[in-house]
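A.B. asks: Okay, here's the prediction I keep looking at, along with the sequence it came from:
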Amino acid sequence: MMRTTEGNPGIKTETLRVFFAIWPDDGVRKQLAGLAEQLREAALCSGRETKAENIHLTLVFVGEVDASKLGALCRVADEIKDSSACAFDFALEKIRHWKRNRIVYASTVEIPQGLINLVSTLTDALSAAGFSLEQRAYKPHVTLMRDALCQSLPELAEPITWRVREWMLVKSEQTGDGPVYTPMGRWPLKS
Ligand code: 2AM
């Protein structure tokens, strides 16, 4: 997105919408995409399913930043990568519906300590580097469907276990065909 710098009508800067996230491997992605499909096929929910390649878990939503800040964001990630959490497993055990914003999502019963550590280290480091973040409580969720209306939601027969081994910085762009997410950097978790 191009915007004009306030007070400098002639100078245009590019802004990017970015967030830190984890992306599932192919197996977990297929299982999660399959869940949304099953909800629709069983006529339990109607709505817009998240495309399989877009299924992810947001760690920290940074929002609109000037493109020139991308380097600073990557430096924050580089600095914490050795002190951040170890690799962890994330068991997706439940499907729920937020009626207010009409989102169907998958989530966990107990947030893994590795995820808590990673999110808090990243949040603290971004704040210390001058990025202003929302103060909302962190509710880890994997969005499966938007604009969703649901009759009821099934319990999962067994958890979907996601082995989290890396995290990334992602650019989000809205297109006529829905959001397009592009990785801008990747960082491994200690094994
Ligand atoms: P959602 O799936 O619940 O909409 C890219 O937009 C990612 O950032 C999505 O995972 C989205 O969550 C999340 N996101 C979007 N806006 C956000 C906000 N204002 N605060 C926190 N997360 C946000």
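C.D. replies: Perfect, I can see it now. Just so it is clear, the structure is predicted and the values come from calculations on it, not from any experiment.
A.B. asks: from here on, contacts and neighbour counts on C-alpha atoms
C.D. replies: Noted.
A.B. asks: And the strands in the chain, which stretches?
C.D. replies: Secondary structure of the chain (DSSP state E): strands at 2-4, 12-22, 45-49, 57-66, 88-92, 94-98, 103-107, 142-150, 160-164, 166-175, 178-188.
A.B. asks: residues in contact with the most centrally placed residue in the chain?
C.D. replies: Centroid-nearest residue in the chain: Thr58, 2.1 Å away (criterion: CA atoms, centre = their mean). Thr58 is in contact with Phe19, Phe20, Ala21, Ile22, Pro140, His141, Val142, counting by CA atoms under 8 Å, 6 or more residues apart in numbering.
A.B. asks: before we move on, the earlier item: closest to Gly114 out of the strands of the chain?
C.D. replies: Closest approach to Gly114 among these is made by strand 88-92 (5.6 Å; CA to CA).
A.B. asks: Just want the angle from the closest one to strand 160-164.
C.D. replies: For strand 88-92 against strand 160-164, the angle by axes from the mean of the first three to the mean of the last three CA atoms, to 10 degrees is 160 degrees.
A.B. asks: what separates stretch 134-149 from the chain centre, distance-wise?
C.D. replies: 9 Å (CA atoms, centre = their mean, to the nearest Å).
A.B. asks: Equivalent analysis for stretch 162-172, please.
C.D. replies: The chain centre lies 8 Å from the centre of stretch 162-172; the measure is CA atoms, centre = their mean.
A.B. asks: before we move on, what about stretch 59-66?
C.D. replies: 11 Å.
A.B. asks: hmm, who's touching stretch 161-173?
C.D. replies: Residues outside stretch 161-173 that contact it (CA under 8 Å, 6+ apart) are 16-25, 28, 74, 87-92, 179-191.
A.B. asks: State the mean pLDDT of stretch 116-131.
C.D. replies: Across stretch 116-131, pLDDT averages out at 96.
A.B. asks: if we can go back for a sec, among the strands of the chain, show me which one is buried the most.
C.D. replies: Comparing the strands of the chain by mean neighbour count (mean count of other CA atoms under 10 Å), strand 103-107 comes out on top with a mean of 23.
A.B. asks: what's that strand packed up against?
C.D. replies: Under the contact criterion of 3 or more CA pairs under 8 Å, 6 or more residues apart in numbering; DSSP states H and E, strand 103-107 touches strand 88-92, strand 94-98, strand 142-150.
A.B. asks: Any idea which of these gets closest to Ile111?
C.D. replies: Checking these against Ile111 by CA to CA gives strand 88-92 as the closest, at 7.7 Å.
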